[in-house]
Structure formats: structure tokens, C-alpha cells
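Chemist: Below: sequence and its predicted model.
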Amino acid sequence: MKMATAATRRYIRRFMPMMFAYVAVLFACVWAIRHWHPIGLQLFVLSVLPALPIIGAIAVIGLYLVEETDEFLRQQAASCMLFGTGVLLSVATVYGFLVNGGAVEADPELFLWVFPLWCFSWGAAQRVISLRDHLAVRGA
Amino acid sequence: MINRLRVLRAERAWSQQDLAERLEVSRQSVNAIETGRYDPSLPLAFKIADLFGMAIEDIFTNPAKGAE
């Protein structure tokens, strides 16, 4: 039984190298910063390099939405992404008010968790919908 | 949207997967349309109608008129 569409297969084929690149670049840049103690432009470049594969992954996600020809799956993915965005905005808003009120200390490293949190929320929504569909098929 | 897709499919002894392959969509799409959880776009509705050799309104119930 054919489960994944051509667009899904392309998405996986593009997304995985981005994640491997992210891990490799992140480790390389952290190592370089700790051992070479760069300053100025070099520090700027080494700091921003790990973000590039993440931006690439976001582009890959966007490409999937453009290339998916199955309108139901496309709508489902877009809805789940919107859910992820809603979770992210809610968490960021609550955190912002907590910092503003002095209840918690501002931690700039929390921004590193923005993309993982969005992906996790998107994935969780997709999982719930898949489970619902699975139950609907069994009930059909 | 209420529709006769499941009946039409059953008359031809097609599984959801068979229909999905004929329509070039996923099995999940067929299931979602059959159960009324997803309303197909006009191009897909025309494709479904063409496949069964019927008019769109013979397969899908006009929501404004309700089930008759």
C-alpha cells in the first residue's frame, strides 16, 4: 500500500540532510568558538552558521506545502503547522510577561528552543490527527 | 458535506485505496471525504464526478438544500 506521497518522500529526502548538517555545523562551531576564542566578524559568522541549516529546514517545510498535490494532506499539514505556531506564540507571550513582571530571569538561550518547540507542537498535532484518521478508517 | 461516495465505491467493489489510486490522492483523503470531514475542492469534485460518470450534485448533497 502506497502511504507517502511523492512530495512527502521529497520532503524527507531534503529534511534529513538539513538536520545532519545542523548537528555537524553546531558541533564544529561550538568547538571552534571554545578552542580558538574568535572575536569580531569571525565570532559573528561562527555563531550564526548553525542557524543556516535550520533556515534551510524551514524552507524545505515550505517547499513541501507548495509541492504537495494531495489537497487534504496539504490542508492537514498547514493546520498542524498553524497549531504549532499558536503554541509557540502562546508560550512566548506567557514567558514575555513572566520576564516583564520579574517572575523569571530572561534567558537568551531560550530562543534556541523556538524551532524545536514549533516542530514538536506541529508533530503532536499531526500525531493526534493521524490517530483520529486511523480510528475513522477502522470505523468505516 | 454529505455524499454518496461510499455507496458508489461499494457498487464497484473498490476499496478506499483503489479509489484513491484512481483519483491520484491519498487513502486518507478518500476516507476524509467519505466521512464528511473534508470537502474536496472543485477540481477534485469534478475529478470524482468524471470517474463515476455523474454530475457533482448527483454525488455531493448541496449543503444549502440539506439531505433529501
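Modeler: Yep, it's here.

Chemist: tell me which element the residue of chain B with the smallest separation from chain A falls in.
Modeler: With CB to the nearest CB, the shortest gap between chain B and chain A falls at residue B:29, namely 3.8 Å. Placement of C-beta: from N, CA and C, glycine included. If you go by DSSP states H and E, residue B:29 is part of helix B:27-34.

Chemist: Contacts for that helix next, please.
Modeler: A:1, A:70-73, A:76, A:133, A:136-137, A:140, B:3, B:5-6, B:9, B:16-17, B:19-20, B:23, B:38-40, B:48 (CB atoms under 8 Å, 6 or more residues apart in numbering or on different chains).

Chemist: In ChimeraX, how would I select just the buried ones from these?
Modeler: In ChimeraX, this line selects whichever of the contacts of helix B:27-34 come out buried by 16 or more other CB atoms under 10 Å in any protein chain shown:
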select /A:70,71,72,73,76,133,137 /B:3,5,6,9,16,19,20,23,38,40,48
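
Chemist: Just the ones of the contacts of helix B:27-34 in helices?
Modeler: A:71-73, A:76, A:133, A:136-137, B:5-6, B:9, B:16-17, B:19-20, B:23, B:48 (DSSP state H).

Chemist: and the direction of the helix holding residue B:29 versus that of helix B:16-23, what angle?
Modeler: 100 degrees (axes from the mean of the first three to the mean of the last three CA atoms, to 10 degrees).

Chemist: Show me what from chain B comes close to chain A.
Modeler: Within chain B, the positions adjacent to chain A are B:6, B:16-17, B:21, B:24-29, B:31-35, B:37-38, B:40-41, B:44 by CB under 8 Å from any CB of the partner chain.
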